[in-house]
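Enquirer: Pasting the sequence and the predicted coordinates here, then a few questions.
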Amino acid sequence: MTTISRRSLMLGAAAAPFASAAIAQTASGTIMKIVVPFPPGGTVDPIARMVQPGLQQRLNATVIIENKPGASGSLGAAQVAKSPPDGSNWLFVFDTHAVNPFLQNLPFDTEKDLEPLLLIGTAPNVLATPPGKPYKSFADVLAAAKSKPDTITYGSIGNGSLGHLTMVLLGQRAGVKMVHVPYRGGGPLMNDALAGHVDLAIGSAALITPQVRGGKLRGLLQTSATRVAGLPDVPTAIESGFAGFESYAWWGSFLAAKTPRETVDRYSKALAETLSEPTIRQRIEGMQITMQLGGPDVQRKFLADQMKLWGPVVKEHNIKADG
């Protein structure tokens, strides 16, 4: 991770006198931007588009959405990190946000250059297999992996994704080695999994559940403490013999660092209220995401905890970013 330079601190201090004027201008109805650091589709983009109308109404602003994909979300994050601290640029992120600092040489400090706004929600990771494969349970997978090491393949949305790291830890605890096949997002992963080109697929419940419920994949394991409503027949890792094992995909939002706390609190409240609208809550919960709506301090602590959890896994296993 990088550190904030003395020049950056001076520039931030110089910009502070103008922050209140920028906030007033925003509140009076100017343009605000939500940066989605992934392509359209997936899970982050639809959440941003769900809240767009409600934010426009609550903040009396024109809210536009800019997709800026690349580098597992870090290109869009860098854009917001370097934007003025006036609340006019928002960042919506996925769980890769907590892992990127350990995979890449980022041009910003993940914890210092972005101001937490809201922890939107969490979802377990789910491991599934195409119906044509012989695995009826995760125990079957482990037996096959022990019998023939380095032959069972599993796909994830990319190197260093939480799905990838989850499988690394499960394999370590079980004493087996499987072959990771990284994809550039959930779409390509699902295409190959449904076609049977990989033995297993792991991703957030938001990605995997529709395929399991539609009978196109067979659920083997989920990583929440208890089974989620959408997958009542899929056992947890804890139930499968991995005591205390949990891992969660998550979605959150940030502003540029040094945004005045008054602005942060106001925008956090507006976002939480928008997400709480019954139709939006229903749609998001339908994606098997558990709404958290934790404010700035909750998001800050959650990010720090995720970095402490997954950073050592990346370093210990010498995991590299996608090339």
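Expert: It's in. This one's a predicted model, so the numbers in the text were calculated from it and none came from an experiment.

Enquirer: what is the mean pLDDT for stretch 232-240?
Expert: Averaged across stretch 232-240, pLDDT comes to 97.

Enquirer: cool, and stretch 180-197?
Expert: Stretch 180-197 comes out at a mean pLDDT of 91.

Enquirer: Ok, stretch 43-54 next?
Expert: Summarised as a single mean, pLDDT over stretch 43-54 is 95.

Enquirer: Buried residues of that stretch, list them for me.
Expert: By 16 or more other C-beta atoms under 10 Å, the buried positions in stretch 43-54 come out as T43, V44, D45, P46, I47, A48, M50, V51, Q52, G54. Quick note: C-beta positions are derived from backbone N, CA and C, even for glycine.

Enquirer: On the three-state scheme, the fourth one is what?
Expert: Reduced to three states with DSSP: H, G, I helix; E, B strand; the rest coil, the structure at P46 is helix.

Enquirer: M32 too?
Expert: strand.

Enquirer: That one and V51, how far apart?
Expert: Relative to V51, M32 is positioned 12 Å away (C-beta to C-beta, to the nearest Å).

Enquirer: Also A195?
Expert: Separation of A195 from V51 (C-beta to C-beta): 34 Å.

Enquirer: If you count contacts, what does the helix or strand that contains T209 end up packed against?
Expert: Assigned by DSSP states H and E, T209 belongs to helix 205-213. If contacts are counted by 3 or more C-beta pairs under 8 Å, 6 or more residues apart in numbering; DSSP states H and E, helix 205-213 sits against strand 114-129, helix 186-194, strand 218-222.

Enquirer: looking at these, which one has the lowest mean pLDDT?
Expert: Minimum mean pLDDT among the helices and strands packed on helix 205-213: helix 186-194, a mean of 91.

Enquirer: send the alpha carbons of that helix over as CSV?
Expert: Written as CSV, here are the backbone C-alpha positions of helix 186-194 (Å, rounded to 0.1, in the frame of the first residue of the first chain):
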residue,chain,number,x,y,z
GLY,A,186,-18.8,-13.7,-13.1
GLY,A,187,-20.1,-13.9,-16.6
PRO,A,188,-17.2,-15.9,-18.1
LEU,A,189,-17.0,-18.1,-15.0
MET,A,190,-20.7,-19.0,-15.2
ASN,A,191,-20.5,-19.7,-19.0
ASP,A,192,-17.7,-22.2,-18.5
ALA,A,193,-19.2,-23.7,-15.3
LEU,A,194,-22.5,-24.3,-17.0
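
Enquirer: So for D265, what's the pLDDT?
Expert: With respect to pLDDT, D265 scores 98.
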